[in-house]
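Peer 1: Generate coordinates for the sequence data below:
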Amino acid sequence: MRIIKFLLQKEFLQIFRNKGMLPIIFLMPVVQLVVLSFAATYELREVDFHLVDYDQSTASQQLVNKFQASGYFKLKSRSSDVDEGLQKIRANNVRMVMVIPQDFEQQLSSGRGTSVQMNIDAVDGVTAGLIQGYGRSIIQDFSSEVQPTVSNIQLSSQSQQGIEITPASWYNPNLDYINYMVPGILVVLVSMIGMFLSGMNIVREREIGTIEQLNVTPIKRYQFITGKLLPFWIIGLFELGLGLAIARFGFNIPFVGSVWLLFAIAGIYLLVVEGIGLFISTITNTQQQAMFIAWFIMVVFILMGGLFTPIESMPPWAQDLTLVNPISYFIKIMRMVLLKGAGWAEVQHLVGGLTLMAALILPAAIFRYRKSTT
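Peer 2: All right, here's what the predicted structure looks like:
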């Protein structure tokens, strides 16, 4: 521990003396949160929804068929319990719960008004607005189709009532787009800190010639790796805390879930991105090379991580690639914990994926480092 302590002191002194690293550590978080939070658009293609049909009539089935035939909605599950559907929203299994009331067909056939409730996952305010708009349009079309075929009761056009839509936007009632983007930007912030700085720091040792001096000292390999990665692990958690403070007090992002759970998962996530940074440092000879490779990997991870484009709207092959993308896991976790209040039960499968990645990437990077320095 005494050797690791001295290594940590050396690393922190070296980090804060490097004028190239300081802007990345302190300026980049503010730029990311303030600028990138406003820089994306979305396109809605397919929405999984849960059906609660209390009527079980021909008319209700026709409405459901119309939703499915639109190409925008896909019936994923059904039940007779609204709470079960809301639980599926919380677990990120569906984006909407549609509730058709009892006497739906009877109300339509008698010419009286009725309603269909759409409970929408509004963590992503833009997508929720699109879901609400598309759903409203489909229901209005259905209403106009059934109005001419209502029973023989003669009603004036003023007294005829169509289907009333009652949208309920969960987790983001105001459909605020910033609430959706800021947690994802925080993931990018932590990722760049962990990957860029850990990779560049070891390469810098090679550039200035001190890596050979360290290799001939009695320092053990685990001590050297710990001394190199732990400072950026600590800085990454500090940056996450800074970003969360900016999100809470600068953007008024609601913190529904446990922040401590978020920090614990972030600790595992940082091991993954630092392992990637360490691996990059073993295959490059200059900081410039490490920066280019790390930036290439980061761009791919970000674009395919669900930050700017919903993963559900990607082609099937792209959705399969996100299974090995750590950023996609942590973005889901951030949004689920902060905005939905998800606990360990809802995110444990995602944390398991990150843990598996860390268990594979870190040993591979350490083994590669050993081969490149012997």
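Peer 1: export the helix or strand that contains G277 as CSV, just CAs?
Peer 2: Using DSSP states H and E, G277 maps to helix 259-282. Extracted as CSV, the C-alpha positions of helix 259-282 are listed here (Å, rounded to 0.1, in the frame of the first residue of the first chain):
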residue,chain,number,x,y,z
VAL,A,259,-27.5,8.6,-6.3
TRP,A,260,-25.4,6.1,-4.3
LEU,A,261,-26.6,3.3,-6.5
LEU,A,262,-25.6,5.3,-9.5
PHE,A,263,-22.1,6.0,-8.1
ALA,A,264,-21.6,2.3,-7.3
ILE,A,265,-22.5,1.3,-10.9
ALA,A,266,-20.4,4.1,-12.2
GLY,A,267,-17.4,2.6,-10.4
ILE,A,268,-17.9,-0.6,-12.3
TYR,A,269,-18.4,1.3,-15.6
LEU,A,270,-15.2,3.2,-15.1
LEU,A,271,-13.3,0.0,-14.9
VAL,A,272,-14.6,-0.9,-18.3
VAL,A,273,-13.7,2.3,-20.1
GLU,A,274,-10.3,2.5,-18.3
GLY,A,275,-9.6,-1.0,-19.4
ILE,A,276,-10.2,0.1,-23.0
GLY,A,277,-8.0,3.1,-22.4
LEU,A,278,-5.2,0.9,-21.0
PHE,A,279,-5.5,-1.5,-24.0
ILE,A,280,-5.2,1.5,-26.4
SER,A,281,-2.1,2.6,-24.6
THR,A,282,-0.4,-0.8,-25.2
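Peer 1: Which segments of the chain make up each domain?
Peer 2: When the chain is parsed with automatic domain parsing, its domains come out as 2-39+177-372, 47-170.
Peer 1: picking that back up, contact partners of the next helix or strand after the helix holding G277?
Peer 2: Downstream of helix 259-282, the next assigned helix or strand under DSSP H and E is helix 287-303. Contact with helix 287-303 is made by 20, 188, 191-192, 195-196, 199-200, 203-204, 207, 276-277, 280-281, 283-284, 308-309, 325-328, as judged by C-beta atoms under 8 Å, 6 or more residues apart in numbering. Backbone N, C-alpha and C define where each C-beta goes, glycine included.
Peer 1: In the protein, where is pLDDT below threshold?
Peer 2: 18, 20-21, 24, 36-45, 147-162, 209-218, 370-374 (pLDDT under 70).
Peer 1: quick one: the strands in it?
Peer 2: Counting by DSSP state E, the chain has strands at residues 47-53, 73-79, 96-100, 114-121, 163-170.
Peer 1: picking that back up, just the ones of the contacts of helix 287-303 in helices?
Peer 2: Among those, the members found in helices (DSSP state H) are 188, 191-192, 195-196, 199-200, 203-204, 207, 276-277, 280-281, 326-328.
Peer 1: Which members of these are classed as buried?
Peer 2: Neighbour counting with 16 or more other C-beta atoms under 10 Å marks 188, 191-192, 195-196, 199-200, 203-204, 276-277, 280-281, 326-328 as buried within these.
Peer 1: Taking those, tell me the two that lie furthest apart.
Peer 2: Maximum pairwise distance among these (C-beta to C-beta): 30.2 Å, between R204 and S328.
Peer 1: Enumerate every residue touching the closest residue to N174 other than its chain neighbours.
Peer 2: Once flanking residues are discounted, N174 sits nearest to G125: 7.1 Å by C-beta to C-beta, 6 or more residues apart in numbering. Shown in contact with G125 (C-beta under 8 Å, 6+ apart): 169, 172, 174-177, 179-180.
Peer 1: Any quick PyMOL command for the buried ones out of those residues?
Peer 2: With 16+ other C-beta under 10 Å as the burial test, the buried ones among the contacts of G125 are selected in PyMOL as follows:
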select buried, resi 169+172+175+176+177+179+180
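Peer 1: OK, contacts around M96?
Peer 2: 47-50, 73, 89, 118-121, 131, 135.
Peer 1: Now distance to Y369 too, for those, in a markdown table please.
Peer 2: Shown next, in a markdown table, are those (distance: C-beta to C-beta, whole Å):
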| residue | distance to Y369 |
| --- | --- |
| V47 | 46 |
| D48 | 44 |
| F49 | 49 |
| H50 | 49 |
| F73 | 50 |
| I89 | 44 |
| M118 | 53 |
| N119 | 51 |
| I120 | 48 |
| D121 | 43 |
| I131 | 48 |
| G135 | 54 |
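Peer 1: and D141, what does it touch?
Peer 2: Going by C-beta under 8 Å, 6+ apart, D141 touches K66.
Peer 1: Surely L244 touches L186?
Peer 2: Yes: L244 lies in contact with L186 (C-beta atoms under 8 Å); the separation is 6.9 Å.
Peer 1: Those two: who's more crowded?
Peer 2: Neighbour count, other C-beta atoms under 10 Å: between L244 and L186, L186 has more, with 28 against 21.
Peer 1: from memory that one sits against L33, does it?
Peer 2: Yes: using C-beta under 8 Å, L186 makes contact with L33 at a distance of 7.4 Å.
Peer 1: which residues are in contact with both of the two?
Peer 2: Listed as contacting both L186 and L33 by C-beta under 8 Å, 6+ apart are 243, 247.
Peer 1: Near E11, how many other residues are there?
Peer 2: Per other C-beta under 10 Å, the neighbour tally for E11 reads 17.
Peer 1: if you skip the residues just before and after it, what's nearest to it?
Peer 2: Of all residues beyond its chain neighbours, the one nearest E11 is P231 (4.5 Å), with distances taken as C-beta to C-beta, 6+ apart.
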